[in-house]
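>>> Here is a sequence with its predicted model. Questions after.
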Amino acid sequence: MRIVLVGPPGAGKGTQAAFLARKLSIPHISTGDLFRANISQGTELGKQAKSYIDAGNLVPDEVTIGMAKDRMDQADAANGFLLDGFPRNVFQAEALDALLKDEGQKLDAVLDLEVPEDEVVKRIAGRRICRNDSSHVFHTEYSKPQQEGVCDVCGGELYQREDDKEETVRKRLEVYHTETEPIIGHYRAQGLVVTISALGKVGEVTERALEALKK
Ligand code: AP5
Ligand code: MG
């Protein structure tokens with residue numbers, strides 16, 4: 001299956017993607033995680049992306065689309081993928097449509113996670129992620145690690161993302177509404193959008209998502 005996950009910052013895209021990818025046996029591809037890995041490795045791409053991310057803005061399309069394409073071209077993504085955080089504006093959605101068309105492929109669904117803004121703010125405020133791998137995600141109240149400050153998956157140090165500061169979160173939400181939400185209309189016109197509520201326990205949301213994807 002080829003699925004795009006969409007939803008505001010803090011909706012739980014990364015959290016759900018980890019479970020859904022395992023269930024559906026497809027790789028979880030998060031452009032945010034790819035950027036963070038590049039930043040921590042000090043690559044040229046990481047250097048280009050960092051100032052945009054820290055300010056809560058989108059990284060320029062030419063950088064992002066190239067990086068996403070390289071990842072989708074890897075062997076593990078030949079039979080499907082779960083995209084998290086890409087595409088993030090209509091230009092990127094059109095670029096993805098064209099890339100898939102070239103390969104004779106198409107998307108199966110766009111899963112839209114709906115969460116009220118006050119809940120998103122609480123989720124982001126308590127989020128802690130792992131230094132070794134930013135796809136290892138915890139929350140100080142809702143998803144506590146067994147040992148405070150330590151990743152359950154790999155033992156890495158947990159920390160708060162630089163762009164999770166209140167002021168940057170406000171900017172990211174604004175960018176979501178102006179730049180990213182329009183992709184829902186783009187995909188609705190293709191009959192691909194499945195909207196679910198992302199409220200409730202993590203496992204409940206996963207069940208809801210799997211049920212919705214069956215249709
Ligand atoms: P990215 O990393 O994609 O950030 P985002 O979209 O803002 O989304 P988040 O990762 O903040 O939230 P999430 O929905 O994954 O929530 P999570 O599962 O962690 O992008 C970061 C930046 O990179 C962008 O601002 C941009 O600069 C750049 N970028 C990335 N892609 C780009 C692109 N395509 N083009 C241009 N620039 C790009 O959950 C949040 C918290 O809630 C966690 O603590 C979790 O434990 C908790 N939680 C999850 N589910 C539940 C639940 N059901 N109940 C209670 N708590 C929950
Ligand atoms: Mg995420």
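Alright, I've got the coordinates. A quick note: this is a predicted structure, and the numbers were derived from the prediction, not measured. Ligands and ions are numbered 1, 2, ... in the order given.
>>> Count residues in the vicinity of the closest residue to G56 other than its chain neighbours, would you?
With sequence-adjacent residues excluded and distances taken as C-beta to C-beta, 6 or more residues apart in numbering, G56 is closest to K171, at 3.3 Å. C-beta coordinates here come from the backbone N, C-alpha and C atoms, glycine included. Neighbour count for K171, taken as other C-beta atoms under 10 Å: 15.
>>> Could you do K144 as well?
Counted with other C-beta under 10 Å, residues neighbouring K144 total 13.
>>> before we move on, what about G200?
Applying the criterion other C-beta under 10 Å, we find 10 residues in the vicinity of G200.
>>> again, but for Q92
By other C-beta under 10 Å, 20 other residues sit near Q92.
>>> Secondary structure class of the residue in the chain positioned nearest to ligand 1, three-state.
Evaluated by C-beta to the nearest ligand atom, the chain has G32 as its residue closest to ligand 1, separated by 1.9 Å. When classified by DSSP: H, G, I helix; E, B strand; the rest coil, G32 comes out as helix.
>>> and it, how far is that from V137?
Taken as C-beta to C-beta, to the nearest Å, the spacing of G32 relative to V137 amounts to 11 Å.
>>> do the same with D84
Spatial separation of D84 from V137 under the definition C-beta to C-beta is 11 Å.
>>> Please point out which parts of the one helix or strand F138 maps to sit buried.
Under the criterion DSSP states H and E, the helix or strand holding F138 is strand 137-139. The neighbour-count check on strand 137-139 (16 or more other C-beta atoms under 10 Å) flags 137-139 as buried.
>>> is it fair to say T195 lies in a strand?
Yes - counting by three-state DSSP, T195 is part of a strand.
>>> so what's the residue nearest to the spatial centre of the chain bridging to?
Centrality entry for the chain: nearest residue to the mean C-alpha point is D84, 3.1 Å, by C-alpha atoms, centre = their mean. Listed by DSSP bridges, the beta-bridge partners for D84 are L5, S30.
>>> now do V110
Beta bridges link V110 to V4, V193 when assigned by DSSP bridges.
>>> count of neighbours near L100?
The number of residues packed around L100, counting by other C-beta under 10 Å, is 14.
>>> quick one: V4 and Q92 touch, right?
No - V4 sits out of contact with Q92 when judged by C-beta atoms under 8 Å, with a separation of 10.3 Å.
>>> Overlap in contacts, those two.
The contact sets of V4 and Q92 overlap at F86 (C-beta atoms under 8 Å, 6 or more residues apart in numbering).
>>> which residues do G32 and V137 both contact?
Overlap between the neighbourhoods of G32 and V137 consists of G14, taking contacts as C-beta under 8 Å, 6+ apart.
>>> interface residues of the chain facing ligand 1?
Residues of the chain lying close to ligand 1 (C-beta under 6 Å from any ligand atom) are 7, 9-15, 30-32, 35, 52-53, 56-59, 64, 85-86, 88, 92, 123, 126-127, 137-139, 142-143, 163, 172, 201-202, 205.
>>> Alright, that wraps it up for me.
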